[in-house]
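In: Predicted model and sequence below, questions to follow.
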Amino acid sequence: MARRRREEEHENHERWLVSYADFMTLLFAFFVVMYAVSRVDNKRVVQAAESIRWAMHFSGTGGTGALPLFDGPPSEGGGPALEAGTSMRQEHRGIELLRKRIERRVRPFVMERRPVPVVSVLVEGRRLTVRLAATEFFDPGQAALRPQALALLDAIAEELVPLGRPLRVEGHTDETPVGGGGRWISNWELSAARAATVVGYLEQAHAARPAALSAVGLGSAHPLSGDATPEAHERNRRVELVLELEPKDELLGAAAQEE
């Protein structure tokens, strides 16, 4: 029997079109994603971040491992999460405006740049801290304010005292022991005396309420830098005016209106 010849299969020369089509589809998807990423709505990102921040700090009726429960229907206008986020943004704007206001006040007195800033204004949550370099306000080993530093302290007090909030003044030193034979036998005493001097000046020169003032001497227990360099020692020698703000404070709403 004659062997039947198998007809040769026809070769497809256009199979590359499938791979090419897949590549073009992936390339199109890639550029669509890139375009979408490049057009971020910053306002919506801020709103989402504030909502997440509110949710992480919300004290609901749930517990660990349980979903927080909300009593009652959501309020109109976006619910409690949106209202809390709006309130937090207003508080943040208010305290930031206060910080900028203090910086504008002190700028004419500290035009010269120094390795250690004469005045630093720090914000952490609702806490505002005005950090003063002790080297510029006190002579070495002394607790009396230098006369040339009073105008700068006046500018700061004119912003803080009218707020009527409790104001804590903290004195800090470096770890260098105080010189023997002086008035102070330890850094604890020196730091407390400097804090008390600032508190007394705020009360006498700016009529600050005594009940709203407190002086704390912390010695060298809370250094900003652990280095042994002269610059680190100078940074650690400081006096800090700490102001704690509350959500109900009119300052936060009033300052936000200045924007």
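Out: Nice, I can see it.
In: Check which helices and strands the host helix or strand of Gln204 sits against.
Out: Using DSSP states H and E, Gln204 sits within helix 187-206. Here helix 187-206 touches helix 150-160, strand 167-172, strand 213-217, strand 238-244, going by 3 or more CB pairs under 8 Å, 6 or more residues apart in numbering; DSSP states H and E. C-beta coordinates here come from the backbone N, C-alpha and C atoms, glycine included.
In: Buried residues in it, which are they?
Out: Neighbour-count burial for helix 187-206, with 16 or more other CB atoms under 10 Å as criterion, is recorded at 187-202.
In: Show the contacting residues for the closest residue to Trp184 other than its chain neighbours.
Out: Distances taken as CB to CB, 6 or more residues apart in numbering place Leu190 nearest to Trp184, at 4.3 Å, with adjacent residues excluded. If you count contacts by CB atoms under 8 Å, 6 or more residues apart in numbering, Leu190 has them with 141, 143, 171, 173, 178, 184, 217, 219.
In: what do you get if the cut-off is 10 Å, keeping everything else the same?
Out: 134, 138, 141-143, 171, 173, 178, 182-184, 217, 219-220, 237 (CB atoms under 10 Å, 6 or more residues apart in numbering).
In: Cross those against strands and list the overlap.
Out: Judged by DSSP state E, those include 171, 217 as members of strands.
In: Just flag the most distant two among the contacts of Leu190.
Out: Across the contacts of Leu190, the longest distance by CB to CB is 18.0 Å; it joins Arg183 and Ser220.
In: Tell me which of these two has more neighbours.
Out: Ser220 (19 against 12; other CB atoms under 10 Å).
In: ok, the more buried one touching Ser191?
Out: Yes: counting by CB atoms under 10 Å, Ser191 is a contact partner of Ser220 at 8.0 Å.
In: Find residues that contact each of the two.
Out: With CB under 10 Å, 6+ apart as the test, Ser220 and Ser191 both reach 172-173, 237.
In: Let me have the residues you listed in JSON lines, extended by neighbour count.
Out: Formatted as JSON lines, the shared contacts of Ser220 and Ser191 follow (neighbours: other CB atoms under 10 Å):
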{"residue": "His172", "neighbour count": "25"}
{"residue": "Thr173", "neighbour count": "27"}
{"residue": "Arg237", "neighbour count": "26"}
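In: picking up where we left off before, and the buried residues of helix 187-206, which is closest to Val110?
Out: Distances from Val110 to those, taken by CB to CB, are shortest for Val198, at 17.4 Å.
In: Could you tell me which residues make contact with that closest one?
Out: Applying CB under 10 Å, 6+ apart, the residues contacting Val198 are 132, 137-138, 143, 145, 153, 156-157, 167, 169-171, 213, 215, 239-241.
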